[in-house]
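1. Predicted model follows, preceded by the sequence.
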Amino acid sequence: MKLSDLIKDCPVKDCSIAGLTHDPEISSIASNSRNVKPGGLFIAVKGFSADGHDYIDQAFENGAAAVIAQDNPKNLKNIILVDNSRLSMAAIAANFYGNPSRGLTLVGITGTNGKTTTTWLLESIFNVCGFSTGVIGTVNIRYTDKIFDNPITTPDSIDLQKTLSEMKKAGVTHVIMEVSSHGLDLSRVDFCRFDAGVFTNLTQDHLDYHKNMDEYFDCKKRFFTRFLGSKGKNNAPAVLNIDDPKGEALLKSLDYKTIAVSTKKKTDATAATAATAANTVVASATIFAKNITDDIHGLSGTVCLPNGSFNLISQLTGKFNLENILCAAGAAHALDIDQQQIKEGLENCHTIPGRFEKIDTSIDRFLFVDYAHTPDALETILITLKLRAPKRVITVFGCGGDRDRSKRPLMGQIACKHSDIAIVTSDNPRTEHPDSIIDDILEGIDDFHKLSDKNLKSTPFKKGYLVEADRKKALKKAIFISKPDDIIIAAGKGHETYQITNSGTIHFDDKEELKKAAIEFSDQFNPIAWKINDLTKALGCDPVFLTTPKDHCFTGISTDSRTITQTRIFLALKGESFDGHTFIKKLIDKGIKGFITQKGFVDTLDENTQKELQQKNLIIFETGNTLTALGMLARYQRLRSNVKLLAITGSSGKTTTRKIAKEIFKTQFHTHTTLKNFNNEIGLPLTLLNLSYAHEWAIVEMGMNHPGEISRLSRIALPDIAMITNTSGVHLEGLGSIDNVAKAKAEIFDGVRENATAILPGADPRRAILETKANGKKTIKKLLFFGSNDTSDIQPVKIKNFANSIEFIAKVNNRETAFSINSPALFMVDNSLAAILAAKTAGICTESIRKGIAAFTPVSGRMNIYRLSNSINIIDDTYNANPASVTQALNTLQAVSGIKNSIAVLGDMLELGEESNRLHRQIGQKAALSGICKLYVFGSQIKHTIKGAIEKGFPPDNIFHGSKTKIAQKVFETINSDTWVLVKGSRGMAMETVIHELQQILTVNSQGL
């Protein structure tokens, strides 16, 4: 291209062209003298660290045909003088590359925060439309199948125009560009033709470059006054976020087509009235949101456009992301994109690299990385997280070196204010020493506590900050000091995969480091491995068959031939209807190396099989009874793990109490609990075998059917705290009487360790039996009672029932503390009191106890209360039933339903022996007296339940019995505007089927079938 054609749009100084000897053909353009090629044009630009005018001689030496410059002190030939080299470079670059933006649909997005997220959202919309899309932004430059690193948000004008040209040649039709204030001020986007522009917001940033916030805003504003609208070079609309005051100011100042977006309703009526009275103008949103729900899992609600609305479900979360969503929707609307395509594109965008990006790991924490590196961005992200945090927010952050120092103390103050724990670290220190940057940050947090590891061990909910200059160590510390359900946010670097230090740039990725730390954290909870010597000690015998190396190590013990892995040893259980020994041959063929069998197993093998085994690396232990061996191994694992152990038993409530205790204990300790419903002679050992050296407490549940079972479990588990929730008529077939039930439950004290604590129900009718047994154990040093009677160590006062929760005050040693639990069932108060006593015995602070109880959610099938439809409230208590738990469930139904339509659906209570008829009759009487409206029953004992209900005056017409399907249909036929349905029965009755059938009926009817 001829030089004269290149510079036709440049404001050339008078007579400056006179120095040219001819009008050369220009083959390339460059602003770096080292990149100049023969026949090329060099543009001398005055930079921040170097001045291109000092390299004009070098450019000519490299073959430059001409030079664009602002001065020519040496009077060299072939130099064209201009007033502004940068602006001229933009004009020259646009001409050299054929003004590519004129053949593209180009959207520019500017603002302090949200630019990158908005580009990803808009790109997703464009992709749904089938457009070939290119993006130029902070994360990268990408189009078709190409991705390039982008060191600066908006490239210099030569690189920018070259990129646009290459995109156009590759078939790109639509381009989205992040437009930074540097890009505007340094003329990088001049001579680009924009079809729409977006303003996201304006907060403090880049004050190391701009003199003040007014200058910063004026720079952003130039995008809308120079490049858009009827007064600009293009007649393009502006999309403005008027939730931001500067966006609203822009809206009022522009006199061309604008699209205002807001997370609020179209016009705030109160604001409009006030504005009218004050004779001012209220900005009204063209695009807005309503009925928005927003939690840790995402956003949902309605997006309103001028031509209609649509329901949106997005995995992005937070008000700031809602603003970004609306900005993207506004830009798409400005380009006449259909609202269905807008909806689909927004919902298809699940995550944005480094922007509130969730990191998936196996640990039960919420991990995020975010680019927030300004005070406002950090505050926005932390407020968003704090409002959604199940537990604590732990923030790892720093400030960049060689940048605006004034924001450092502000960042520190914001991080500490909105985090439970802030960890101050480094973030691209560049030429500065990280410690000096941290010192600047600490100036803003003098009023906050400086924490230590010791503080966090004893009082995990104490707020404050830690300092760790090494960012890798800081991220790892955040993981290791966290507790389940905590949120960890690494702020400042986001998508960046490097750390800029005074010794150079090194690879560093917050996402990678968090994942590594999470794996290391998780690995420490792997079960303690088994060496051959450990197995020998635990079983009290040597292997009878050993061809494997003596240093072989097994990762665990398995009783399930279907799921065992090659690194584990197989223990062959033998029952009435199964025999694990029959699977051993197949397991050997699968590569299993170790086995624990009944005595004499090897002798049962034929001679050829024994010879075949000699050729394999195997180990076989033979024991008198493999079930006993399982308990011995579990006991050995429990002892060497060095955990403290809380054991819970009782006729009812033990699973719920165990789960409440788990939520409390895990706030302060690494806690291991009963797996699923593993509470018998097989399940309890399997739970203990999963202990690691990192666990601090184990909480186990103990169940039984016959005398002696709890005693065996206790001697395996060796409790430090032994708890009995209550005693009642359950398992009477095997125990005969309720007194015998109490004696069987009291067996939990048989295996307690030295200085143990016993926790008992103070108001239990069989308290004396339990107390006598506990007092007879010398290893029990403390005996505590819970309940409403005056002699209990912890008592409930001021209980308040709500639809889905209970608030109560627990009184201990004349001190009262308020708690709230997510269940309206009154018996949950006693369960909570028992768990509180255990927690206090373990040294857990009150705040942790309160948070743990608040985090509890009902166990599936155990007093689980939810809304099945607009008119049906379900109390799902189908896991099991005995007289005490059915009585409690009826009390709960009465409490929550009040005078509304209430239905009790009751299945038989099993394993009640000779007392079954009488106890079912009593439950019928209780149902009649509870105030319920209707009683539906199922099972073989229904005649006794019905008889008891009628005896107490319950109307026979309000009683129904039949199949579970017919009961579900009857419930559906009798529902009114607000119906409460309790479904309860023993496990063997599978009463949850009634709920499933009812769900199906509701679904069919909602579809009009």
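-> Nice, thanks for sending it over.

2. Please work out the average pLDDT along the strand or helix carrying residue 1005.
-> Applying DSSP states H and E as the criterion places residue 1005 in helix 992-1006. The average pLDDT for helix 992-1006 rounds to 85.

3. Could you list every helix and strand in contact with it?
-> Contacts defined by 3 or more Cβ pairs under 8 Å, 6 or more residues apart in numbering; DSSP states H and E place helix 992-1006 against strand 872-877, helix 964-974, strand 979-984. The C-beta positions use only the backbone N, C-alpha and C, and glycine is treated the same way.

4. quick one: which of those is nearest residue 679?
-> For these, the distance to residue 679 is smallest for strand 872-877, at 18.4 Å, taking Cβ to Cβ.

5. what about the chain, any weak spots by pLDDT?
-> By pLDDT under 70, the low-scoring segments of the chain are 14-21, 204-211, 230-234, 265-284, 730-731, 861, 899, 1006-1009.

6. Please enumerate the strands of the stretch 151-300 of the chain.
-> 174-178, 196-199, 238-241, 258-262, 287-295, 298-305 (DSSP state E, counting those that start in this stretch).

7. could you redo these as JSON lines and give each row distance to residue 168 and mean neighbour count?
-> Output for those, formatted as JSON lines (distance: least, Cβ to Cβ, whole Å; neighbours: other Cβ atoms under 10 Å):
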{"stretch": "strand 174-178", "distance to residue 168": "9", "mean neighbour count": "26"}
{"stretch": "strand 196-199", "distance to residue 168": "18", "mean neighbour count": "28"}
{"stretch": "strand 238-241", "distance to residue 168": "24", "mean neighbour count": "29"}
{"stretch": "strand 258-262", "distance to residue 168": "27", "mean neighbour count": "25"}
{"stretch": "strand 287-295", "distance to residue 168": "30", "mean neighbour count": "16"}
{"stretch": "strand 298-305", "distance to residue 168": "30", "mean neighbour count": "18"}
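
8. looking at those, which is closest to residue 360?
-> Nearest to residue 360 among the strands of the stretch 151-300 of the chain is strand 298-305; the distance by Cβ to Cβ comes to 14.9 Å.

9. can you list the residues that contact the helix or strand just after that closest one?
-> Later in the chain than strand 298-305, the nearest helix or strand by DSSP H and E is strand 308-314. Defining contact as Cβ atoms under 8 Å, 6 or more residues apart in numbering, one finds that strand 308-314 is touched by 289, 298-303, 321, 325, 339-340, 342-343, 346-347, 349.

10. my read: residue 401 touches residue 440, true?
-> No. Counting by Cβ atoms under 8 Å, residue 401 stays clear of residue 440, with 10.2 Å between them.

11. Name the residue in the two with the higher neighbour count.
-> residue 401 (20 against 17; other Cβ atoms under 10 Å).

12. show me the residues around the more buried one that make contact.
-> Shown in contact with residue 401 (Cβ under 8 Å, 6+ apart): 428, 429, 430, 431, 432, 434, 437, 500.

13. Please enumerate the helices of the stretch 601-750 of the chain.
-> Assigned by DSSP state H, counting those that start in this stretch, the helices in the stretch 601-750 of the chain fall at 607-614, 626-641, 654-665, 683-688, 709-717, 732-735, 738-745.

14. Relative to residue 133, which of those is closest?
-> Among the helices of the stretch 601-750 of the chain, if distance is taken as Cβ to Cβ, the winner is helix 654-665, at 46.9 Å.

15. What helices and strands are in contact with that closest one?
-> Taking 3+ Cβ pairs under 8 Å, 6+ apart as the contact cut, helix 654-665 packs with strand 644-649, strand 671-673, strand 697-701, helix 827-841, helix 846-855.

16. Make a markdown table out of these and add distance to residue 519.
-> Below are the helices and strands packed on helix 654-665 laid out as a markdown table (distance: least, Cβ to Cβ, whole Å):
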| stretch | distance to residue 519 |
| --- | --- |
| strand 644-649 | 27 |
| strand 671-673 | 19 |
| strand 697-701 | 23 |
| helix 827-841 | 30 |
| helix 846-855 | 25 |
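
17. For residue 950, find the nearest of these.
-> helix 827-841 (27.1 Å).

18. Can you name the residues that contact residue 474?
-> Residue 474 touches 396, 423, 425, 468, counting by Cβ under 8 Å, 6+ apart.

19. of all these, which two lie farthest apart?
-> 396 and 468 (8.5 Å).

20. Pick out whichever of the contacts of strand 308-314 sits closest to residue 918.
-> Distances from residue 918 to those, taken as Cβ to Cβ, are shortest for residue 300 (52.6 Å).

21. what's the closest non-adjacent residue to that closest one?
-> Among residues not flanking residue 300 along the chain, residue 313 sits closest, at 4.7 Å (Cβ to Cβ, 6 or more residues apart in numbering).

22. what's the distance between that neighbour and residue 765?
-> According to Cβ to Cβ, to the nearest Å, residue 313 and residue 765 sit 53 Å apart.

23. residue contacts, residue 902?
-> Neighbour list for residue 902: 893, 894, 931, 932, 933, 934, 979, 980, 981, 982 [criterion: Cβ under 8 Å, 6+ apart].

24. most neighbours, which of those?
-> residue 982 leads the contacts of residue 902 on contacts (other Cβ under 10 Å) with 29 neighbours.

25. Report the beta-bridge partners for that one.
-> Assessed by DSSP bridges, residue 982 has beta-bridge partners residue 875, residue 904.

26. That one: what's it in contact with?
-> Counting by Cβ under 8 Å, 6+ apart, residue 982 has contacts 875, 877, 889, 890, 892, 893, 902, 903, 904, 905, 906.

27. ok so, going back, widest-spaced pair of the contacts of strand 308-314?
-> Farthest-apart pair in those is 321 and 340; separation 21.2 Å (Cβ to Cβ).

28. Could you check which of the two is surrounded by more residues?
-> A count of neighbours by other Cβ under 10 Å puts residue 321 above the other of residue 321 and residue 340, at 26 against 11.

29. Touching, that one and residue 120? I think so.
-> No. Judged on Cβ under 8 Å, residue 321 makes no contact with residue 120 at a distance of 10.9 Å.

30. Tell me the spacing between residue 922 and residue 943.
-> Counting by Cβ to Cβ - residue 922 and residue 943 are separated by 14 Å.

31. Between the two, which is the more surrounded one?
-> Higher neighbour count among residue 922 and residue 943: residue 922, with 18 against 15, using other Cβ under 10 Å.

32. Would you mind confirming that that one makes contact with residue 886?
-> No. Using Cβ under 8 Å, residue 922 makes no contact with residue 886, being 9.5 Å away.

33. What about residue 565, how many residues nearby?
-> 11.

34. how near is it to residue 712?
-> For residue 565, the distance to residue 712 equals 29 Å [Cβ to Cβ].

35. Backbone dihedrals for residue 691, please?
-> Main-chain dihedrals, residue 691, degrees, to the nearest 10: phi -70, psi 150.

36. how about the most centrally placed residue in the chain, phi and psi?
-> The C-alpha lying nearest the average C-alpha coordinate of the chain belongs to residue 366 (Cα atoms, centre = their mean; 3.4 Å). Main-chain torsions, residue 366, degrees, to the nearest 10: phi -100, psi 120.

37. Could you do the one 4 residues further on as well?
-> Backbone geometry at residue 370, expressed as degrees, to the nearest 10, gives phi -150, psi 150.

38. you'd agree it is up against residue 488?
-> No. In this structure, residue 370 is not within contact of residue 488 by Cβ under 8 Å, at 11.3 Å.

39. Understood, closing this out.
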